[in-house]
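Enquirer: the following block contains a protein sequence and its predicted model.
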Amino acid sequence: MKRTLKQAFAAAGVCAGLSLYALTAGATLKPGDPAPDFTAQASLGGKTYTYTLSDALKKGPVVLYFYPAAFTKGCTIEAHEFADAVDEYKKYGATVIGVSHDNIETLTQFSVSECRSKFPVAADADAKVIGEYDAGLPMHNSMANRVSYVIAPDGKIIYEYTSMSPDKHVENTMQAVKEWAATHKSP
């Protein structure tokens, strides 16, 4: 009986591990891949406008992060962390944009309260951008996984990080931006 229980717990552990893997694993784009250009309705500080990635890249690297849903615990934590880091990203010439499947009305509120009017968030209600970046949640592709990319001004992805935990997205993308800036100093 004890051996059977041990085997059952071991099997449950493997299943739990695979379930966690399924939540974080994906066919995300990798460094060196071209970043798909996109245009989307976005909101910054409660004001909506049309955001185009190629226009943002003319100013420097872009930190593009996908998140599952505005006003949820992890997404709120992540938005606060990105808002706190925006000024440091700017020191390295980088900008930040968040993308979720939420509608623009929800994101207009989120841009003020949780993003603290520091960076835009874009609406991808039809999950087109999420799909182009292979950033959908497994078994629920219309909702974004928590995926962060750093895109160089030439339109190539230089960093990718996927984790449902919001903890390391800012730290890791900031490091990638710093490394890019160190090798691309302005004359």
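Expert: Right, received. Where do you want to start?

Enquirer: tell me which element residue 54 is part of?
Expert: helix 53-57 (DSSP states H and E).

Enquirer: poorly predicted segments of the chain, please.
Expert: 1-27, 186-187 (pLDDT under 70).

Enquirer: can you name the residues in contact with whichever helix or strand residue 42 is part of?
Expert: Counting by DSSP H and E, the element that carries residue 42 is strand 39-44. Here strand 39-44 makes contact (Cβ atoms under 8 Å, 6 or more residues apart in numbering) with 48-53, 97, 99, 104, 107-108, 110-111, 115, 117, 119-124, 129. C-betas here are computed from N, CA, C, even on glycine.

Enquirer: mind checking which of those are in helices?
Expert: Applying DSSP state H to the contacts of strand 39-44, the entries found in helices are 53, 104, 107-108, 110-111, 129.

Enquirer: kindly reformat those as CSV containing neighbour count and distance to residue 64.
Expert: Formatted as CSV, those follow (neighbours: other Cβ atoms under 10 Å; distance: Cβ to Cβ, whole Å):
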residue, neighbour count, distance to residue 64
53, 19, 7
104, 16, 18
107, 28, 15
108, 21, 19
110, 23, 16
111, 28, 16
129, 23, 9
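
Enquirer: which of the residues you listed sits closest to residue 166?
Expert: residue 110 (14.5 Å; Cβ to Cβ).

Enquirer: contacts only, for the nearest residue to the closest one once chain neighbours are set aside.
Expert: Closest residue to residue 110 apart from its sequence neighbours, by Cβ to Cβ, 6 or more residues apart in numbering: residue 70 at 4.0 Å. For residue 70, the contact set (Cβ under 8 Å, 6+ apart) comprises 100, 102, 106-107, 109-110, 114, 121.

Enquirer: taking those, tell me the two that lie furthest apart.
Expert: 100 and 109 (12.7 Å).

Enquirer: which one of these two has more residues nearby?
Expert: residue 100 (26 against 14; other Cβ atoms under 10 Å).

Enquirer: am I right that the more buried one is in contact with residue 67?
Expert: Yes - the pair formed by residue 100 and residue 67 meets the contact definition of Cβ atoms under 8 Å, at 5.2 Å.

Enquirer: who touches both of these two?
Expert: Common neighbours of residue 100 and residue 67, counting by Cβ under 8 Å, 6+ apart, are 75, 144.
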